[in-house]
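> this is the structure alone, sequence omitted:
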């Protein structure tokens, strides 16, 4: 094999989807109507539906951080505001904990987000959920309402479920 062929093989990604399942690829939502296997032949950013966190599920600081990183990945047009929100949430978490596992994990996730590897950062953040639960258990419960900056817009009083449509515009009210 030549170097070019080796690089192409390294970039190939195989995805198997069930009927009705969605995948987010380079900012587009793709839903399949039957079981299908996809082969991504070049570099692409993607997230499987099972790993997408909805805004109303971002009920802890770490889940809010995950939501911001996820938005960087699946909504490229909103990457700038999502990165700013990510930094703000990360700073808040770092100010609130001295736990070395949490701090090391956040440092690793931050480096990956900065390197344009948000998918890998999401894995690290998910891995910190149990550490966060332990820390929050010791500190007491936190409100189960996501911050206004993470709540998607409404249409006729109904929340949109798609993380692709979530808006990250900073809230004008700082309640």
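Sure thing, it's come through. Model, not experiment: these values are computed from the prediction.
> centre of the chain to the longest helix along the chain, how far?
In the chain, taking DSSP state H as the definition, the longest helix is helix 79-96. Its chain's average C-alpha position is 13 Å from that of helix 79-96, according to C-alpha atoms, centre = their mean, to the nearest Å.
> tell me the buried residues in stretch 58-74?
Neighbour-count burial for stretch 58-74, counted by 16 or more other C-beta atoms under 10 Å, picks out 58-74. For glycine as for every other residue, the C-beta is placed from the backbone atoms N, C-alpha and C.
> before we move on, back to that, contacting residues around the next helix or strand after the longest helix of the chain?
Per DSSP states H and E, the first helix or strand lying C-terminal to helix 79-96 is helix 100-114. Outside helix 100-114, the residues that touch it by C-beta atoms under 8 Å, 6 or more residues apart in numbering are 65, 69, 72, 83, 86, 90, 93-94, 97, 118, 120-121, 124-125, 127-128, 131-132, 135.
> how about stretch 16-26?
So stretch 16-26 is in contact with 15, 29-38, 40, 44-49, 52, 73-74, 76, 163-164, going by C-beta under 8 Å, 6+ apart.
> that stretch: end-to-end distance?
17 Å (C-alpha to C-alpha, to the nearest Å).
> and it, what's buried?
For stretch 16-26, burial by neighbour count (16+ other C-beta under 10 Å) applies to 17, 21, 22, 23, 24, 25.
> next one: stretch 97-105
Neighbour counts over stretch 97-105 (16+ other C-beta under 10 Å) mark 97, 99, 102, 105 as buried.
> report the mean per-residue pLDDT for it.
The pLDDT scores in stretch 97-105 average 96.
> how many neighbouring residues does the nearest residue to residue 40 once chain neighbours are set aside have?
Spatially, and ignoring its direct neighbours in sequence, residue 40 is nearest to residue 13 (4.3 Å; C-beta to C-beta, 6 or more residues apart in numbering). Neighbourhood size, residue 13 [other C-beta atoms under 10 Å]: 13.
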